[in-house]
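Peer 1: this is a predicted model, with the sequence first.
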Amino acid sequence: MTSRTSTARAAAFIVAATLCGAHPAWSQVAGGSTTVGVSVVESTQLAMGWSVKETLLGKLIYNEQGDKVGKVEDLIISPDRKLSYVIVGAGGFVGIGQHDVAVPVTQIEDRAGKLVMPGATKVQLKAMPAFVYASDTTRRDQFVSAAETDIAHGKARVTDLEKKAGTAATDTKAALDLQITTLRLDVKSAEGKLTELKQSGLNRWREFEAGVSAATARLRKSIDSAAG
């Protein structure tokens, strides 16, 4: 399958960590944004310190006892490029085909050229919920939804600050007014970038993704720095 053999397909996804005995287990859904070209390769190398082509894809993964537990099928980079996941093919149950799961790269070690996942067993990996790639439409919808949530939070913060400024002392009001002005500008910028993305259509929305991401990042920073 192309989605499993691509050397640098990046996707945002949600991984909820739970515990399975003494070892971690995850449920996964792929979605979010993609980054193409050289930046993906560079991000991968920086995050992992390994060559994707030479060290990861198609390589077998073992536990510390030397038992084979799976094979690397793909690599996923989160949108913020701070955390990457290895898609591990764990094989299927009787009558069921390939079973892929998402494992944080921090769970896998390079020991003298051998990929090792301490504490893992094939049975454990097979018991994990399967990793599923989202469609491009789904990723766009999730990206837009996340941006709209940031904008809504920004507007709510402006409203809160305006209420506080209405009863604040002169010195405090001046500081609040400055925060309100900054937030309004950041909200407006994020709304403008998101509108451009929405109007671009399904085939071109990723051309505007970076602009929206930068605008919402500034907005979140302004929200966090605003007085409580």
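Peer 2: Sure, I can see it.

Peer 1: now for residue 101, how many residues are close by?
Peer 2: 24 (other C-beta atoms under 10 Å). Placement of C-beta: from N, CA and C, glycine included.

Peer 1: actually residue 226, not the one I wrote
Peer 2: Neighbours of residue 226 using other C-beta under 10 Å come to 17.

Peer 1: what's the distance between it and residue 185?
Peer 2: Distance, residue 226 to residue 185, using C-beta to C-beta, to the nearest Å: 13 Å.

Peer 1: so what's the spatially most central residue of the chain scoring on pLDDT?
Peer 2: Of all residues in the chain, the one closest to the mean position by C-alpha atoms, centre = their mean is residue 78, 3.1 Å from it. The model reports residue 78 with a pLDDT of 71.

Peer 1: doesn't residue 84 make contact with it?
Peer 2: Yes - between residue 78 and residue 84 a contact is recorded at 6.9 Å, counting by C-beta atoms under 8 Å.

Peer 1: pretty sure residue 87 is in a strand, no?
Peer 2: Yes - counting by DSSP: H, G, I helix; E, B strand; the rest coil, residue 87 is located in a strand.

Peer 1: that one and residue 133, how far apart?
Peer 2: Taking C-beta to C-beta, one finds residue 87 at 9 Å from residue 133.

Peer 1: between the two, which is the more surrounded one?
Peer 2: Shown here are residue 87 and residue 133; by other C-beta under 10 Å, residue 87 has more neighbours (23 against 20).

Peer 1: what about this protein, any weak spots by pLDDT?
Peer 2: 1-55, 79-83, 92-97, 227-228 (pLDDT under 70).

Peer 1: residue ranges for the helices of it, please.
Peer 2: 2-5, 38-48, 122-127, 136-167, 170-200, 209-225 (DSSP state H).

Peer 1: for residue 115, find the nearest of those.
Peer 2: Minimum separation from residue 115 across these (C-beta to C-beta) falls at helix 38-48, 11.2 Å.

Peer 1: how close does residue 220 sit to residue 146?
Peer 2: 11 Å.

Peer 1: again with residue 154
Peer 2: From residue 154 over to residue 146 the distance is 13 Å, taken as C-beta to C-beta.

Peer 1: so between those two, which is more surrounded?
Peer 2: Using other C-beta under 10 Å as the criterion, residue 154 and residue 146 rank with residue 154 on top: 24 against 18.

Peer 1: could you pull up the residues touching the closest residue to the more buried one other than its chain neighbours?
Peer 2: In space, and not counting its chain neighbours, residue 154 is closest to residue 187: 4.3 Å by C-beta to C-beta, 6 or more residues apart in numbering. Going by C-beta atoms under 8 Å, 6 or more residues apart in numbering, residue 187 touches 151, 154, 155, 158, 219.

Peer 1: next one: residue 180
Peer 2: Taking C-beta under 8 Å, 6+ apart, one finds 158, 161, 162, 165 in contact with residue 180.

Peer 1: and residue 129, how many neighbours?
Peer 2: 15.

Peer 1: check contacts around the residue lying closest to residue 151 once chain neighbours are set aside.
Peer 2: Of all residues not flanking residue 151 in the chain, residue 190 sits nearest, at 5.2 Å (C-beta to C-beta, 6+ apart). Residue 190 makes contacts with 147, 150, 151, 154, 212, 215, 216, 218, 219, as judged by C-beta under 8 Å, 6+ apart.

Peer 1: noted, bye for now.
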